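Enquirer: Take this sequence and fold it.
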Amino acid sequence: MKEAMNITGLNFKNGNFDKAILAVGSCENHGWHLPLGNDTHVSYKLAVKIAEKVDGLLVLPPVTVGYSEHYGHFPFTLSLKAETLIEVLKDILSSVVKNGIKKIFILNGHDGNIAPIEIASRAVKMMFPEVKIASLDAWWVAAGKLLPPDTFEVWDGLGHAGEGETSIALSLFSELVDMKYAEGVVPSLPPNIDIKWNFAELTDCGATGDPTKATAEKGLKMEKVLIDLIVNFLKDMDNCGWKYNSDKSAIRT
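Expert: Numbers count the residues shown, from 1 in each chain. Sure thing, here's the model as predicted:
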């Protein structure tokens with residue numbers, strides 16, 4: 001065992017790791033065409049692809065159940081309480097730091113996890129001031145901003161199990177997607193105001209947006225811009241020593 005792993009020097013059997021990436025997902029209904037663990041599959045598979053391009057990046061086991069109470073009207077939703085998820089994340093992040101890795105990137109796959117990730121990360125940062133924590137809280141929003149505006153046909157590709165999310169699923173794990181069941185509803189939501197909905201108020205089929213417009217080609221474009229975004233960020237931060245106020249810390253987009 002001592003030959004396989006030296007915690008102090010981070011000299012693991014298969015490589016030297018000084019950074020870690022944590023995928024955080026969920027288990028909940030994604031219409032009838034996507035798998036229940038869709039959010040975990042997307043974030044974890046992206047994390048693995050990112051680690052293939054970044055030296056010293058350790059892929060942690062994903063968090064497979066998040067905060068999903070607001071999707072609970074649809075089967076088969078599993079959910080942690082928000083307070084529970086905060087504690088789970090704090091324990092995972094703290095364990096990583098105690099194992100000698102003090103640069104952590106969180107790749108989130110689910111809207112309900114955003115607030116718990118923020119609270120847990122801030123708490124761990126206070127416990128371990130030397131730790132560096134960064135996150136991509138909403139890849140589905142980031143991808144839409146990074147791609148040309150004409151990439152998607154409906155609702156800018158947004159939606160739970162909608163055009164964008166279904167497209168990236170088709171590119172990453174098409175064997176788990178059954179497009180003959182794809183349908184969605186585009187809800188009427190006001191701009192610039194955040195409605196605290198439960199999902200059954202927005203749709204009767206478990207999906208919003210229009211998944212019928214999804215293609216693997218669109219998903220591949222999303223995959224590329226997201227991977228490039230995070231890979232460039234991690235490399236840039238490595239180059240500047242993760243010093244946020246450094247003149248060398250200009251981040252590429």
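
Enquirer: was I right about residue 137 contacting residue 114?
Expert: Yes. With contact defined as Cβ atoms under 8 Å, residue 137 reaches residue 114; the gap is 4.8 Å. Backbone N, C-alpha and C define where each C-beta goes, glycine included.

Enquirer: Give the residues shared as contacts by those two.
Expert: Here residue 137 and residue 114 have residue 108 as joint contacts, going by Cβ atoms under 8 Å, 6 or more residues apart in numbering.

Enquirer: tell me the helices in the stretch 101-250 of the chain, going along the chain?
Expert: Ranges of helices in the stretch 101-250 of the chain, per DSSP state H, counting those that start in this stretch, are 114-127, 139-146, 163-173, 216-239.

Enquirer: Give me the contacts around the second one.
Expert: So that's helix 139-146. In contact with helix 139-146 (Cβ under 8 Å, 6+ apart) are residues 42-43, 46, 107-109, 136, 151-152, 156-158, 164-165, 168, 222, 225-226, 229, 253.

Enquirer: one more time with 6 Å, if that's ok
Expert: The contact list for helix 139-146, computed with Cβ atoms under 6 Å, 6 or more residues apart in numbering, reads 156-157, 164, 222, 225-226.

Enquirer: so what pLDDT did the residue positioned nearest the centre of the chain get?
Expert: For the chain, the residue nearest the mean C-alpha position is residue 108 (2.4 Å; Cα atoms, centre = their mean). Note for residue 108: predicted pLDDT of 98.

Enquirer: Pull the contacting residues for it.
Expert: By Cβ under 6 Å, 6+ apart, the neighbours of residue 108 are 24, 117, 137.

Enquirer: Going by neighbour count, which of the residues you listed comes out on top?
Expert: residue 24 (31 neighbours; other Cβ atoms under 10 Å).

Enquirer: Please report the distance of it from residue 18.
Expert: 21 Å (Cβ to Cβ, to the nearest Å).

Enquirer: just residue 65 next, same as before
Expert: Separation of residue 65 from residue 18 (Cβ to Cβ) stands at 29 Å.

Enquirer: Repeat that for residue 223.
Expert: As defined by Cβ to Cβ, residue 223 lies at a distance of 25 Å from residue 18.
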